[in-house]
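Peer 1: Sequence and predicted structure below; questions after.
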Amino acid sequence: NAGVMQNPRHLVRRRGQEARLRCSPMKGHSHVYWYRQLPEEGLKFMVYLQKENIIDESGMPKERFSAEFPKEGPSILRIQQVVRGDSAAYFCASSPVAQVAFFGQGTRLTVV
Amino acid sequence: DQQVKQNSPSLSVQEGRISILNCDYTNSMFDYFLWYKKYPAEGPTFLISISSIKDKNEDGRFTVFLNKSAKHLSLHIVPSQPGDSAVYFCAALFGNEKLTFGTGTRLTIIP
């Protein structure tokens, strides 16, 4: 049973481009969470999704950020018109129920 | 509003001694608590958890203590080993909601 898979591991985007981060949860897990870690900071919650539903997006910036978890395929975190301040490590986690969440290796986004 | 707080950003402990990492929370509705360990450039790894109906949970060298009246939990690692050097995050959960994390404590084990 493979763990939570995130890709790409590293992503470089120029300011103004779009970034797409993918997360394939563990088999059988229907809950997906996205967290962001800025340099020298802790893990900040962004969004919590179940299949085809956004349960809690209270941590998502109001503009440029969106997330989805379709019926088929990975969860996608999309950042439009990236800015330097979006540079961070983005972690996805999945769980079968809302308890222990298992994390992927993360995607390190660098905006140049 | 930081609902889960780890007030010590760093901690250094001699190899073989006990490491104690602390975590405080403000939301009395939290009913499940977890500790994660994170190495650089990797995702957090689940370590140990405790339900609010318990006050202690032990797994090998790791023990988590929960003091609900003080809204405080701690992770004890004994004996500490060099491989324990990492950033430790505590996290809390209420019902079906998201995990809320503390800011982390960087533990360094000195050989």
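Peer 2: Sure thing, it's come through.
Peer 1: And the contacts of stretch A:58-71?
Peer 2: A:32, A:34, A:44-47, A:49-54, A:57, A:75-82 (C-beta atoms under 8 Å, 6 or more residues apart in numbering or on different chains). (Glycine included, C-beta is placed from N, CA and C.)
Peer 1: now stretch A:5-17
Peer 2: A:19, A:21-24, A:74, A:81-84, A:90-92, A:104-112, B:43.
Peer 1: List the buried residues of that stretch.
Peer 2: A:Gln6, A:Leu11, A:Arg13 (16 or more other C-beta atoms under 10 Å in any protein chain shown).
Peer 1: could I get these as CSV with pLDDT and secondary structure?
Peer 2: Formatted as CSV, the buried residues of stretch A:5-17 follow (pLDDT from 0 to 100; DSSP: H, G, I helix; E, B strand; the rest coil):
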residue, pLDDT, secondary structure
A:Gln6, 97, strand
A:Leu11, 97, strand
A:Arg13, 97, strand
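Peer 1: any chance of those in TSV, with distance to B:Val4 too?
Peer 2: Output for the buried residues of stretch A:5-17, formatted as TSV (distance: C-beta to C-beta, whole Å):
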residue	distance to B:Val4
A:Gln6	24
A:Leu11	29
A:Arg13	31
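Peer 1: coming back round to it: check the contacts of stretch A:58-71 one by one and keep those near chain B.
Peer 2: Among these, the residues that sit close to chain B (C-beta under 8 Å from any C-beta of the partner chain) are A:Lys44, A:Phe45.
Peer 1: Pull out the buried members of the contacts of stretch A:58-71.
Peer 2: Counted by 16+ other C-beta under 10 Å, these give A:Val32, A:Trp34, A:Phe45, A:Met46, A:Val47, A:Leu49, A:Glu57, A:Ser75, A:Leu77, A:Ile79, A:Val82 as buried.
Peer 1: can you give me the offset of stretch B:28-46 from its chain's centre?
Peer 2: Centroid separation between stretch B:28-46 and its chain, computed with C-alpha atoms, centre = their mean, to the nearest Å, is 7 Å.
Peer 1: quick one: buried residues of that stretch?
Peer 2: B:Phe30, B:Tyr32, B:Phe33, B:Leu34, B:Trp35, B:Tyr36, B:Lys37, B:Lys38, B:Gly43, B:Pro44, B:Phe46.
Peer 1: Ok, stretch A:97-112 next?
Peer 2: Applying 16+ other C-beta under 10 Å to stretch A:97-112 flags A:Ala98, A:Val100, A:Ala101, A:Phe102, A:Phe103, A:Gly104, A:Gln105, A:Gly106, A:Thr107, A:Arg108, A:Leu109, A:Val111 as buried.
Peer 1: quick check, nearest of those residues to chain B?
Peer 2: Taking C-beta to the nearest C-beta as the measure, chain B lies nearest A:Phe103 of the buried residues of stretch A:97-112, at 3.6 Å.
Peer 1: give the contact list for the closest one.
Peer 2: Counting by C-beta under 8 Å, 6+ apart, A:Phe103 touches A:Val4, A:Phe91, A:Cys92, A:Ala93, B:Tyr36, B:Gly43, B:Pro44, B:Thr45, B:Phe46.
Peer 1: where's the second one, which helix or strand?
Peer 2: What it means is A:Phe91. strand A:88-95 (DSSP states H and E).
Peer 1: hmm, who's touching that strand?
Peer 2: By C-beta under 8 Å, 6+ apart, the list of residues contacting strand A:88-95 reads A:4, A:6, A:21, A:23, A:25-26, A:29, A:31-39, A:43, A:46, A:75, A:77, A:101-104, A:106-109, B:43-44, B:99.
Peer 1: All set now, cheers.
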